[in-house]
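Enquirer: Show me the folded form of this:
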Amino acid sequence: MRIVFLCKRRYMSKDVIFDRYARLYEIPYQLACLGHEVRGYCLSYQGAEQGSWQHEAPPGKLHWESRSVDQPNLLNVLRYPFQLLRDLKAFQPDIIIGASDIPHVVLGEWLARRLGRPFVADLYDNFEGFGQARIPGFVRALRGAVRRADLVFTTSEPLQDMVEKRYRTAGRVIAMPSTVDTTVFKLGSKRLAREALGLPAEALLIGTAGGLYREKGIAPVYAAWHHICQTRPDVHLVLAGPADKRLPPPLGDRVHLLGNLPHAQVAILFQALDLGIISVLDTPFGRYCFPQKAYEMLACGLPVVSSSVGEMQNLFAETPQVLFSPNDAMSLASALDRQLAHAVFPNVNILDWSDLIGKIEPFLVNLVSEYLGGN
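Expert: Numbers count the residues shown, from 1 in each chain. Prediction:
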């Protein structure tokens, strides 16, 4: 098949093309590895380098193109759909996938309608919780595009349920959680990991990585630490990621701030810790997202505690002792105490990206076959 994949250029503070990062890279890459010819079109909102790149993905082909728009050049935003339509008429794709945010889902559906091709919407989050949703008309456009999609992938079962009920989708909706690169996130030597990051060799280390922002749920972590640091003198807190200036991290000899780590070093951090923290707030974002951090930690063999919200309730249903009430520092502190005293490790099957995309590829093939049979 000839497949078009549309997405934004920056995803979770990573460059999709250069960092080859997570869901927005792995979907087109793995489809190419299954023998398809895939063209990824990225739009950068931050003025990233424009151009085209060919990535090795045998036996298929993966070609990326990126264009950039920024504040002074908003006219390019209006031109972009028509430039893309012209390119796609020449390429003649069999199917179009729109992902990453509201504009790319809406654009993908618009292009598919004009080309008479099936459209797939990939929702890695509840996009109505994004800042873009405050732009007049954006939510209505998103709901219309998803409603008319021939197939929808969501990153969690709660989001699948919400999409089916709220959007009244015409096509099938399938929950496809993100996963991790199991060649990076894997079991490793705790001693070597701590040496690599300059962390104490003998202490009990708890911590997390990611955006250390209030809206990402970091405030309960900081508050819980004030309890843990007083009751457990053997425990240290390790934090990695950009910090919220309005909510600075705690300080002290037993707090280790590692800053914004490269992706591969996050895996080393999770190998170094004794207990990982997944704090998600009970918000529209938190209820429908799938924290990839959970799979990253578990793939490294790291016991965790997690907010009892959204998909995390399903993921840890058989180990409820790891769960705590969202935005509740004392509930988090209690969960930390439980896991530090007697850690339980959930039995979660983590597929690698090739297995995950291999499971959804037949849905795409069947969709194209249905279209060809009907035309």
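
Enquirer: ok, what's across the strand from Gly51?
Expert: With DSSP bridges as the criterion, the beta-bridge partners of Gly51 are Ser66.

Enquirer: Pull the number of nearby residues for it.
Expert: The local packing of Gly51 (other CB atoms under 10 Å) involves 11 other residues. Any C-beta I mention is one placed from the backbone N, CA and C, and that applies to glycine too.

Enquirer: Next: the one 3 residues further on.
Expert: Using other CB under 10 Å as the criterion, Gln54 is surrounded by 9 other residues.

Enquirer: SS state for the residue lying closest to it once chain neighbours are set aside?
Expert: Spatially, and ignoring its direct neighbours in sequence, Gln54 is nearest to His63 (5.5 Å; CB to CB, 6 or more residues apart in numbering). For His63, the assignment made with DSSP: H, G, I helix; E, B strand; the rest coil gives strand.

Enquirer: My read is that His63 contacts Cys42, right?
Expert: No. Assessed by CB atoms under 8 Å, His63 is found out of contact with Cys42, at 11.5 Å.

Enquirer: and the closest residue to Ala299 other than its chain neighbours, what element?
Expert: Nearest residue to Ala299, sequence neighbours excluded (CB to CB, 6+ apart): Phe185, at 4.0 Å. Using DSSP states H and E, Phe185 sits within no helix or strand.

Enquirer: List the buried residues in stretch 198-215.
Expert: By 16 or more other CB atoms under 10 Å, the buried positions in stretch 198-215 come out as Leu199, Ala203, Leu205, Ile206, Gly207, Thr208, Ala209, Gly210, Gly211, Leu212, Tyr213.

Enquirer: Let me see the mean pLDDT of that stretch.
Expert: In this model, stretch 198-215 has an average pLDDT of 95.

Enquirer: what's the span of it from first residue to last?
Expert: Start-to-end span of stretch 198-215 (CA to CA, to the nearest Å) is 29 Å.

Enquirer: And stretch 143-159, by the same measure?
Expert: For stretch 143-159, the end-to-end distance is 13 Å (CA to CA).

Enquirer: Over to stretch 240-260?
Expert: 6 Å.

Enquirer: now swap in stretch 9-19 and tell me
Expert: Span of stretch 9-19 from end to end, CA to CA: 10 Å.

Enquirer: give the contact list for the nearest residue to Asp282 once chain neighbours are set aside.
Expert: Spatial nearest neighbour of Asp282, excluding adjacent residues (CB to CB, 6+ apart): Pro326 at 4.3 Å. Counting by CB atoms under 8 Å, 6 or more residues apart in numbering, Pro326 touches Gly217, Pro220, Ser279, Val280, Leu281, Asp282, Gly286, Ser307, Ser308, Val309.

Enquirer: Domain-wise, how is the protein divided?
Expert: Following automatic domain parsing, one finds the domains of the chain at 2-179+353-374, 190-341.

Enquirer: Which residues lie in contact with the residue nearest to Gln54 in this structure?
Expert: Val38, Arg39, Gly40, Ser52, Trp53, Gln54, His55.

Enquirer: of those residues, closest to Arg23?
Expert: Of all these, Arg23 sits closest to Gly40, with 12.5 Å by CB to CB.

Enquirer: Need the three-state assignment for the closest one.
Expert: Gly40 - assigned by three-state DSSP - is strand.
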